[in-house]
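[1] mind looking at a prediction? Sequence and model below.
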Amino acid sequence: MSKVIVVTSGKGGVGKTTSSAAFSAGLAARGHKTAVIDFDVGLRNLDLIMGVERRVIYDFVNVINGEATLKQALIKDKRVDNLYILPASQTRDKDALTKEGVESIINELKADGFDYIVCDSPAGIEKGAFMALYFADEAIVVTNPEVSSVRDSDRILGILQSRSKVAEDGGSVKEHLLITRYSPDRVEGGDMLGMDDIVEILSIPLIGVIPESGSVLQASNSGNPVIMDKESTAGQAYEDVVSRFLGEDIPLRFVDVEQKKKGFFQKIFG
Amino acid sequence: MGLFNFFKKEKKKNTANLAKERLQILIAHEHSNKSTKSPDYLPKLRDELVQVIRKYVHVTDKDVQVNVEKGDDFDTLELNITLPESK
């Protein structure tokens, strides 16, 4: 049984594409046949984050319009088996995305035996974002510990539960909160919303907390999903997200301030 | 707690708590707006009512007010038509 998962947020720049790349690469690395689709028509970036930008020949819209087959457009990842990327179109306008077109592609992927279809949503609540979430069974809502991001996440949760296909059919989309760019020391200092506060406000289950980390930028610079950086805290936190998504119950890591050993004088003088 | 902390007069303000409070108020407000949102058919209903009334009396668009009030057990459709002064 294949599952469609949308990675969404409402707000831009919170880490949807980074998370989509890491999450799909993590699922594939564990042996699940996974496709990740870029829904940001006109502003494609998933190809760049995943390092396949020079291998794009056909895109999502070409397949919808029948100018290419799905097989021709899917880019097979060279690092991870079972991982396929469907890039967004860079030139066409977003009206090219139709419900029927998107549905036929998702159905074809399901028929091809894909276990997971990850939809990387564009920012906003316009057509592209709506199309990305419409066919979703589950949603990963990416949120930064910052007021505008939390508010936008709440908005997108409302849309998920009222306008998605599952909601229209009387069901409900399974929601997961993913907090990114988290700085435990700033939370402790009272400068940043804590994860418990965000969970309380949005009242959806937490699937993971990704710490603010320089390795995320390094990963995007080099076109490797950050989950492949096994040394980095962000990469390990994404591994945990994949484990929890697959049903493991594991504790959160990197959410507390690292205990630095204080010298004798520091102890006295603070 | 170091020695110097003792002399610090005031603690820095905790802005994260402020953020949480503001968000809770805002989101509660936005959710309540959603549930009392007027039905989608209201503007069309209003237009058609104006057309019917105009067959008999001359009224402008502003003279017809349509509102839905949420009650505990039932909703009320409130219709307010201001007729022109009869001469």
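    Perfect, thanks for sending it. None of the values given here were measured: they were computed from a predicted structure.

[2] any regions of the chain where pLDDT drops low?
    I went with chain A, as the question did not name one. Across chain A, residues meeting the criterion (pLDDT under 70) sit at A:92-94, A:259-270.

[3] can you look at chain B instead?
    For chain B, the stretches flagged by pLDDT under 70 are B:1-12, B:34-39, B:87.

[4] that one: strands as residue ranges?
    Under the criterion DSSP state E, chain B contains strands at B:64-70, B:75-81.

[5] looking at the ones you listed, which is closest to A:Y134?
    Proximity to A:Y134 (Cβ to Cβ) singles out strand B:64-70 among these, at 28.8 Å. No exception for glycine: its C-beta is placed from N, CA and C like everyone else's.

[6] by contact count, what packs against that closest one?
    Contact partners of strand B:64-70 among helices and strands, from 3 or more Cβ pairs under 8 Å, 6 or more residues apart in numbering or on different chains; DSSP states H and E: helix B:42-54, strand B:75-81.

[7] most tightly surrounded among the strands of chain B?
    Burial of those is given as mean neighbour count (mean count of other Cβ atoms under 10 Å in any protein chain shown); strand B:64-70 ranks first at a mean of 14.

[8] that one: how far from the chain's middle?
    The chain centroid and the centroid of strand B:64-70 are separated by 12 Å, computed with Cα atoms, centre = their mean, to the nearest Å.

[9] repeat for stretch A:157-175
    Stretch A:157-175 sits 18 Å away from the centroid of its parent chain (Cα atoms, centre = their mean).

[10] try stretch A:14-22
    Distance of stretch A:14-22 from the chain centroid (Cα atoms, centre = their mean) equals 4 Å.

[11] is any part of it close to chain B?
    No - with Cβ under 8 Å from any Cβ of the partner chain as the criterion, chain B is not reached by stretch A:14-22; the gap is at least 15.6 Å.

[12] check which residues of that stretch are buried.
    For stretch A:14-22, the neighbour count (16 or more other Cβ atoms under 10 Å in any protein chain shown) marks A:14-22 as buried.

[13] dump these into TSV; add secondary structure and distance to A:R244 as well.
    Compiled in TSV, the buried residues of stretch A:14-22 are given as follows (DSSP: H, G, I helix; E, B strand; the rest coil; distance: Cβ to Cβ, whole Å):
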residue	secondary structure	distance to A:R244
A:V14	coil	19
A:G15	coil	17
A:K16	helix	18
A:T17	helix	21
A:T18	helix	18
A:S19	helix	14
A:S20	helix	17
A:A21	helix	18
A:A22	helix	14
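
[14] and which of those is nearest to chain B?
    A:V14 (15.6 Å; Cβ to the nearest Cβ).

[15] what's the longest helix in chain B?
    For chain B, the helix with the greatest residue count under DSSP state H is helix B:15-35.

[16] who's in contact with that one?
    With contacts defined as Cβ atoms under 8 Å, 6 or more residues apart in numbering or on different chains, helix B:15-35 is touched by A:146-147, A:150-151, A:154-155, A:158, A:187, A:190-194, A:197, A:200-201, B:70.

[17] could the helices and strands packed on strand B:64-70 be laid out in a markdown table, adding distance to A:V56?
    Shown next, in a markdown table, are these (distance: least, Cβ to Cβ, whole Å):
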| stretch | distance to A:V56 |
| --- | --- |
| helix B:42-54 | 45 |
| strand B:75-81 | 53 |
